[in-house]
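K.L.:
Predicted model and sequence below, questions to follow.
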Amino acid sequence: MAKTNCWEFKKCGRQPGGAKANELGVCAASINSATDSVNGGNNGGRICWAVTGTLCGGKVQGTFARKIGNCLLDCPFFKSAMLEEKKKLDLYPPKRSPTCPDNGLPRPVMETKNVLA
């Protein structure tokens, strides 16, 4: 079963060819091939919180460090992805991604049972 990407969940229309792509621009998450398949999504569709330049509340958001608090507290898609992953949700993209440099540290993985309890 295919997993829902953020643009499908939020119905923002900012994916390539989407209804609002010309008006608002194509979302960075929908074209970020470095994060393809992370958490089972297309491009950055299931790790949008780690992709710089995505929209939230109609405003462009900054880097992961600046927006993750809002995602954890307020984003229905983030919460939905945690529930769908059931056990583990990758918070950062893999080391191959230019948005997450290889600093030698393991990628953070969120244990959803602790967050959703």
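P.N.:
Looks like it arrived, so ask away. From a predicted model like this one, the values you see are computed outputs, not experimental measurements. Numbers count the residues shown, from 1 in each chain.
K.L.:
Now do the contacts for the spatially most central residue of the chain.
P.N.:
By Cα atoms, centre = their mean, the chain has its centre lying nearest to residue 48, at 1.7 Å. Contact analysis of residue 48 by Cβ atoms under 8 Å, 6 or more residues apart in numbering lists 6, 27, 29, 54, 77. Quick note: C-beta positions are derived from backbone N, CA and C, even for glycine.
K.L.:
which ones are touching residue 16?
P.N.:
26, 30-31.
K.L.:
Where neighbours are concerned, which of those has the most?
P.N.:
Neighbour counts for the contacts of residue 16 peak at residue 30, which has 24 neighbours (criterion: other Cβ atoms under 10 Å).
K.L.:
How about it, nearest residue that isn't a chain neighbour?
P.N.:
For residue 30, ignoring the flanking residues on the chain, the nearest one in space by Cβ to Cβ, 6 or more residues apart in numbering is residue 15 at 4.1 Å.
K.L.:
Looking at the contacts of residue 48, which one is closest to residue 60?
P.N.:
Closest approach between the contacts of residue 48 and residue 60, by Cβ to Cβ: residue 54, at 7.6 Å.
K.L.:
Contacts only, for the closest one.
P.N.:
With Cβ under 8 Å, 6+ apart, residue 54 has these contacts: 6, 27-29, 44, 48, 60-61, 67.
K.L.:
Please check the residues you listed and keep the buried ones.
P.N.:
Listed as buried from these are 6, 27-29, 44, 48, 61, 67; burial here means 16 or more other Cβ atoms under 10 Å.
K.L.:
Sweet, I'm off.
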